[in-house]
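Peer 1: okay, structure incoming, though there's no sequence with it:
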């Protein structure tokens, strides 16, 4: 999904969505990970795969991992710091691709923007744990080691997947 | 002097060697009988490497001299010494065992001439297990084991023909020193791998001393000294009363002392000059390597390497960045793939069910307007304005059409993602990623290599190289000045010596004249006259003998060398240095050129053969690795020429199976070359042959103990 995608192209789908998406700010590790200011946050840590990326990249990655794991992790204390206006087309594609993949969800979800947000946040909250774990267990001389091994695992698995 | 030919000398041969518990030989072995047949003088003891060939040669050396050849360099950590370690490690408290080597030698008539037996008795006196270096056994063994040595020597009494046995260590040592001077071992028991030492100047003292000792010249010199002493005594007792005589005698002594002092000074100074010259050569080499051009060239080279390291570092970072990008852009797609596949199926179903407006609705309508063409490809003309307006209104009004269009876009992206994470794309990604990994590894290796090159260069050319060049230049200048001053000192001493030496001769003449005039006693007069004569004769004889022995050795060595050396026709002869007795081969074109390993081997063997022509007995010869490191051709020359040129000398070769049995098959590149064994047999020189084989005899704490057996082949 190219970062150059134009949000305007999908704006009609999101025009009435919540203005901010959130993460669990009661969890200090999660809060630090999503922070825009803290030096060790995902977007500020030089060794992070998200270094100099936007929070939507982190959120969507966390959501993708969470959806892959399969168990959403709802949370109550929410801090809305990820403005929807900065989401790009591929972020919206990922959100809708995840939301529609859930059993019993049909097109009517498009008219329940809060529900869309809740689903995405719950999966992102589950996935962010894994990303924090990746950060903790990364190799000293290869900060992307965990992402690399996941990537290679998928390549091997999928190349034989017709 | 007409030198005696080896075949005319009385010979000394080893009849048998018996070993018990010596190094790798466990238990008492059957006597190894060497060939004593003058027509078949060669015995070969062969085996694969590490089976105990050298140990056997060492056993003979130890038996004769009480120590092994390699003793000097032995490390004080080895747990394997002269006595078999299985015997040592199995010894029980109170138990006593022994190790011995016995050699029986015979003369040219086949009669026993000497019998030497040397032994070590080991006894375990306690169960203490701590270990310590044992000087007798030459190994680190438990302190609870004591070791004592003993020896018995028997020689044939020339009057009674019976064997006389002696066991006093001192007497044995004296006797053996007379029969086998230690220096002789270099020419009787030797390792052919060390033959090149004869070319080295470090061995000059050894070789010169060897020749003098073998020829018995020290006896002549000591006789001369003895006569000198007696002469002085007789003279002093007859003329001591006269003051003038005493003063003359004192003057002579002062001259002698002064000459000797200055000559010694010159010798010391010359040694210092040699050392300093070596240092100057090293400094010169350094300065040549580090002259301005070389430094600049190196600086450029280092700059290039540094740039390359920077470039490789940047490349590494770029590759890592590319890899990061590939992972970042694609990993999330793989995480989402399963969800997207479910979503895509739903989209398909909803489209079929008409729940999603056609994904092309909006685009289709817009397309009609943009292309001014109907779906049936009919152009929309001006009269179709009404339709056009309808279309515009439809686009504006129908929200579903817009949503449908956007869902359509999303569906398209989702389909792309599914496609991009399918098998074909994954294979392509994998190939691309492996390529990155390879590039990264290569860049890292290159960078590490260049970095180590840089470090190496930097250590050679340190940053303060100009300072170092300055220091070394000053140091060289200082040394050159010191050499000049030492040379001046030698010159000044030589000037004095040129004055003192004639003066000494003059004073000696005066003294002798006075001696003749003053000594009235006829008996003393005659005694002194005779002593003077003997002294002069012996002095000249000693010089002449040494020179003649050297000439004899030179001529015999040359004869052997020109016959056995590979490509002998390149050489006109050999030369033994007058001062240090080292040997060199002379090329026909007069050029000094490094000789090959095979030629050096032949030169060493020839020198040994040459030196042996002046020994008082025709001693047996035992050679370790005689065919090592020389060509197959030279090997064959050596194995035939050595025994035949040496008259009936008994020769024992210790060699590896390959050296002995190996042969070269005929092919396009070379002719067939026979094995040493076959050649010895063909020439009828082979008397006996033994093969050394080993077996495992036990195991303690996982460590295997091996025993060498000697198997007679023929």
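Peer 2: Arrived safely. All of these numbers come straight from a predicted model, not from anything done at the bench.
Peer 1: strand partners of the helix or strand encompassing residue B:622, parallel vs antiparallel please.
Peer 2: Assigned by DSSP states H and E, residue B:622 belongs to strand B:621-624. In the sheet, strand B:621-624 lines up against strand B:189-191 (parallel), strand B:651-656 (parallel) (DSSP bridges).
Peer 1: rank the ones you listed by pLDDT, which is bottom?
Peer 2: Note on the strands paired with strand B:621-624: strand B:189-191 shows the lowest mean pLDDT, a mean of 64.
Peer 1: what's the closest non-adjacent residue to residue 96?
Peer 2: In the absence of a named chain, this looks at chain A. residue B:410 (5.6 Å; Cβ to Cβ, 6 or more residues apart in numbering or on different chains). Every C-beta, even on glycine, is put in place using the N, C-alpha and C of the backbone.
Peer 1: other chain: chain B
Peer 2: Closest to residue B:96 by Cβ to Cβ, 6+ apart is residue B:123, at 4.4 Å.
Peer 1: could you list the buried residues of the helix or strand in which that neighbour is found?
Peer 2: Residue B:123 belongs to strand B:112-124 when assigned by DSSP H and E. Within strand B:112-124, the residues scored as buried using 16 or more other Cβ atoms under 10 Å in any protein chain shown are B:113-124.
Peer 1: check stretch A:123-137 too.
Peer 2: Neighbour-count burial for stretch A:123-137 flags A:123-132, A:134-135 (criterion: 16+ other Cβ under 10 Å).
Peer 1: which residues of chain A fall in strands?
Peer 2: Taking DSSP state E as the criterion, chain A carries its strands at A:20-24, A:78-83.
Peer 1: of those, which stretch is the most buried?
Peer 2: strand A:20-24 (a mean of 22; mean count of other Cβ atoms under 10 Å in any protein chain shown).
Peer 1: what is that strand packed up against?
Peer 2: Judged by 3 or more Cβ pairs under 8 Å, 6 or more residues apart in numbering or on different chains; DSSP states H and E, strand A:20-24 is in contact with helix A:28-34, strand A:78-83, helix A:113-137.
Peer 1: can you list the strands that the second one pairs with?
Peer 2: In other words, strand A:78-83. strand A:20-24 (antiparallel).
Peer 1: rounded mean pLDDT for the strand it pairs with, please.
Peer 2: pLDDT averaged over strand A:20-24 gives 91.
Peer 1: list of residues touching stretch B:425-435?
Peer 2: With Cβ atoms under 8 Å, 6 or more residues apart in numbering or on different chains as the test, stretch B:425-435 has contacts from A:151-152, A:154-156, A:158-159, A:161, B:323, B:326, B:330, B:419.
Peer 1: go with 6 Å
Peer 2: Stretch B:425-435 is contacted by residues A:155, A:158-159 when judged by Cβ atoms under 6 Å, 6 or more residues apart in numbering or on different chains.
Peer 1: confidence score at residue B:314?
Peer 2: Looking at residue B:314, its pLDDT stands at 91.
Peer 1: between helix A:113-137 and the helix or strand in which it is found, find me the angle.
Peer 2: Taking DSSP H and E as the criterion, residue B:314 maps to helix B:292-352. Going by axes from the mean of the first three to the mean of the last three Cα atoms, to 10 degrees, helix B:292-352 is angled at 150 degrees with respect to helix A:113-137.
Peer 1: and helix B:292-352, does that touch chain A?
Peer 2: Yes: against chain A, helix B:292-352 shows contacts by Cβ under 6 Å from any Cβ of the partner chain at B:324, B:327-328, B:331-332, B:334-336, B:339-340, B:342-343, B:346.
Peer 1: off-centre distance for that helix?
Peer 2: Here helix B:292-352 is found 51 Å from its chain centre; the criterion is Cα atoms, centre = their mean, to the nearest Å.
Peer 1: which strands and helices lie in contact with it?
Peer 2: helix A:55-69, helix A:89-101, helix A:145-159, helix B:399-420, helix B:423-460 (3 or more Cβ pairs under 6 Å, 6 or more residues apart in numbering or on different chains; DSSP states H and E).
Peer 1: of those helices, which is nearest residue B:247?
Peer 2: If you check each of these against residue B:247 by Cβ to Cβ, helix B:423-460 wins as the nearest, at 66.9 Å.
Peer 1: that closest one: which residues count as buried?
Peer 2: Under 16+ other Cβ under 10 Å, the buried positions of helix B:423-460 are B:425-426, B:429-430, B:433, B:439-440, B:443, B:446-447, B:450-451, B:454.
Peer 1: same question for stretch B:325-338.
Peer 2: Buried residues in stretch B:325-338, counted by 16+ other Cβ under 10 Å: B:326-328, B:330-337.
Peer 1: closest one of those to residue B:94?
Peer 2: residue B:327 (76.2 Å).
Peer 1: tell me the contacts of that closest one?
Peer 2: With Cβ under 6 Å, 6+ apart, residue B:327 has these contacts: A:147, A:151.
Peer 1: distance between the ends of stretch B:82-94?
Peer 2: Terminal residues of stretch B:82-94 lie 21 Å apart, using Cα to Cα, to the nearest Å.
Peer 1: pull the distance from it to the chain's centre.
Peer 2: 33 Å.
Peer 1: what does it contact?
Peer 2: Stretch B:82-94 is contacted from outside by B:21, B:26, B:97, B:99, B:120, B:122, B:124, B:127, B:137-138, B:141, B:698, B:700, B:705, using Cβ under 6 Å, 6+ apart.
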